[in-house]
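> Sharing a sequence plus its predicted fold:
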Amino acid sequence: MAATGSEKQGTKAFYVSTPIYYVNDAPHLGHAYTTVAGDVLTRWHRQRGEKVWYLTGTDEHGQKIMRTAEANGVTPQEWCDKLVEEAWKPLWEHLNIANDDFIRTTQKRHTDRVQEFVQDLYDKGEIYKGGYEGPYCVGCEEYKLPGDLIEAEDGTKLCPVHKKPVEILKEENYFFKLSAYGPKLLEFYEANPGFIQPESARNEVVNFVKQGLDDLSISRSTFDWGVPVPWDDKHVIYVWIDALLNYATAVGYNENPEKFEETFPANVHLIGKDILRFHAVIWPAMLMAQGLPVPGRVAANGWLMVGGEKMSKSNLTGIKPQDLTSHFGVDAYRWYFLRAIAFGQDGSFSWEDFSARYTSELANDYGNLASRVAAMVGKYFGGALPASAADGDAEKAIQEGLAKAVAVADRKIGEELDFQAGILAIFDFVKQVNGYITEQEPWKVAKDESEEGRARLATILYTAAESLRAVAVLLNPVMPETSQKLWDSLGAEAALGALATQPVQSAATWGRLPAGATVTKGAVLFPRLEDPKKD
């Protein structure tokens, strides 16, 4: 039985990857959705005190890239260089993505290792020469099974993903003996039920493999934009074999044994559901053939939908992330998609829904709470956080609510990849603190200038400020910029150190923000929005 990433923890890094994205065009919301999810997950694990490795990158070979470059009058390499440097990398920086590496499949560190991997399989007898004819989608870079195709009104066979006609290709290829790995894969799935997420994706893969696997064409001979097959330079390696191997080549396969041992395999591969079979069938089979450990989990997110259609350039629904961040801000953007859509399910985006959630949850519930608390500490205690005098039932309820929120968020985000439930647990606590302030009415208590009145006011405001300290820690992986602003507003940097170093678990430890901390009312975390311009 192949080992999984989860069995190799110990000193192993918590390794998360996104798909490497095709550079046939600029990134859209769907690409950013997966990448932000990976960033939140890895930031969360960093704040658990774990060693983390987060990988993303670009897939730059294949027929689709070659045709796109030709259509734009440049070489494939020139096209890839331009898109990576002017679109992909700048967007990840703009969205505050803290990736540890960015792999490009045209890099020598990748292409050399790909050739070595494939050569090794060939030498082991896992690859043989043959021929193939069948329907091929250039957009997917994949041969399609006839039963997977859909039919246009005129009878033309279409790719179910791109809704475009497939091409019938016939060529001489090299094949990987994928069919031999069906029983091993089924045994692996049964022994590791959490390997594929969500359950619907797991069922799809299991049923697919049970029907029997065909051997996989792993080379192309009709074009030359790819990694040459090392024993036959008339062929290039199939772009998906090339692409999948980035998860190994980026962390030192056949080059840096120490790094490879402490990083590989991935604990979590984050992917779109349309590339599920590549990651849950072909990739583990390749690793089994090579005697390498299989990843811990393949988590397939759903599609982002606009007007009932999958968001993509080919469907003319490829909205740019900057169209939204320029209006709502980067942190709100990072928060919205993980808050509004259950990870693993399809979700519909609308500007109206984003605006409504921004106003209700970010501006009113969270941002207003931070402003009110800072303003009252400034007004009633000159900006110096007062010490809590005596906690009553109301304060104990807040402390219990916080402990519950931390436990739920840590389990949901850190373990189950249920970002929506984790974020909701945090915002339920924010609502609880708002309710506490409404019930305790500190503005009325402030009118009582007796010693008891001042003590009660101090307890209320300390409870509110300490709650916000915990919220800043919990939301830092999701909204790092606004969390830092809140951290600074509470005077927590001087008292407790950098926000990024605060363990997630420490959010539940009550009383960490010391009395005397300087609380200042900074800029509004989530400003009111003007009426959105949709044109």
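Structure's in. What do you need?
> Buried residues, the longest helix anywhere in the chain. List them.
The helix of greatest length in the chain, counted in residues with DSSP state H as the criterion, is given as helix 451-475. Along helix 451-475, these residues count as buried under the neighbour rule (16 or more other Cβ atoms under 10 Å): 454-475. All C-beta spots, glycine's among them, are computed from the backbone N, C-alpha and C.
> can you check stretch 18-38 too?
Of the residues in stretch 18-38, those with enough neighbours to count as buried (16+ other Cβ under 10 Å) are 18-24, 26-38.
> again, but for stretch 190-197
Within stretch 190-197, the residues that count as buried by 16+ other Cβ under 10 Å are N192, F195, I196, Q197.
> what about that stretch, average pLDDT?
When pLDDT is averaged over stretch 190-197, the result is 97.
> what's in contact with it?
Contacts of stretch 190-197 from elsewhere in the structure, counted by Cβ atoms under 8 Å, 6 or more residues apart in numbering, are 1, 4, 188-189, 202, 205, 276, 280, 294-300, 344, 417.
> Tell me which other helices or strands the following helix or strand past the longest helix of the chain touches.
Read in the C-terminal direction, the helix or strand following helix 451-475 is helix 480-489, with elements assigned using DSSP states H and E. Helix 480-489 sits against helix 330-340, helix 368-381, helix 451-475, with contacts defined as 3 or more Cβ pairs under 8 Å, 6 or more residues apart in numbering; DSSP states H and E.
> Could you name the helices and strands sitting against the second one?
The elements that helix 368-381 packs onto, with contact taken as 3+ Cβ pairs under 8 Å, 6+ apart, are helix 419-440, helix 442-445, helix 451-475, helix 480-489.
> follow-up on the earlier one: and the helices and strands packed on helix 480-489: which comes nearest I65?
helix 330-340 (27.2 Å; Cβ to Cβ).
> As CSV, could you dump the C-alpha coordinates of that closest one?
The C-alpha trace of helix 330-340 is given here as CSV (Å, rounded to 0.1, in the frame of the first residue of the first chain):
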residue,chain,number,x,y,z
VAL,A,330,-8.6,43.1,-1.5
ASP,A,331,-9.4,41.7,2.0
ALA,A,332,-13.2,41.8,1.3
TYR,A,333,-12.5,40.0,-2.0
ARG,A,334,-10.5,37.3,-0.2
TRP,A,335,-13.3,36.9,2.4
TYR,A,336,-16.3,37.0,0.1
PHE,A,337,-15.8,33.9,-2.1
LEU,A,338,-14.8,31.6,0.8
ARG,A,339,-17.7,33.0,2.9
ALA,A,340,-20.4,32.9,0.3
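> Please pull up the helix or strand immediately following it.
Tracing the chain C-terminally past helix 330-340 and defining elements by DSSP H and E, one meets strand 347-348 next.
> neighbouring strands for that next one, and are they parallel or not?
Strand 347-348 pairs in its sheet with strand 304-306 (parallel), by DSSP bridges.
> secondary structure element for K129?
Element membership of K129 [criterion: DSSP H and E] is strand 127-137.
> for D233, same thing?
strand 232-237.
> any idea of the angle that strand forms with strand 127-137?
Between strand 232-237 and strand 127-137, the angle formed by their directions is 50 degrees, by axes from the mean of the first three to the mean of the last three Cα atoms, to 10 degrees.
> Tell me the first helix or strand C-terminal of strand 232-237.
helix 239-244.
> pLDDT of that next one, averaged?
Over the span of helix 239-244, the pLDDT mean works out to 96.
> just stretch 287-305 next, same as before
Computed over stretch 287-305, the average pLDDT equals 94.
> so how far is that stretch off the chain centroid?
14 Å (Cα atoms, centre = their mean, to the nearest Å).
> what ranges do the helices span in the stretch 201-350 of the chain?
If you assign secondary structure with DSSP state H, counting those that start in this stretch, the helices in the stretch 201-350 of the chain sit at 239-244, 246-249, 257-263, 276-277, 283-290, 321-328, 330-340.
> what bits of the stretch 51-200 of the chain have low per-residue confidence?
Scanning the stretch 51-200 of the chain for pLDDT under 70 picks out the ranges 139, 141, 162.
> got it, and the stretch 351-500 of the chain?
Using pLDDT under 70, nothing in the stretch 351-500 of the chain is flagged.
> if we can go back for a sec, what about the buried residues of stretch 18-38, which are in strands?
By the criterion of DSSP state E, membership of these in strands covers T18, P19, I20, Y21, Y22.
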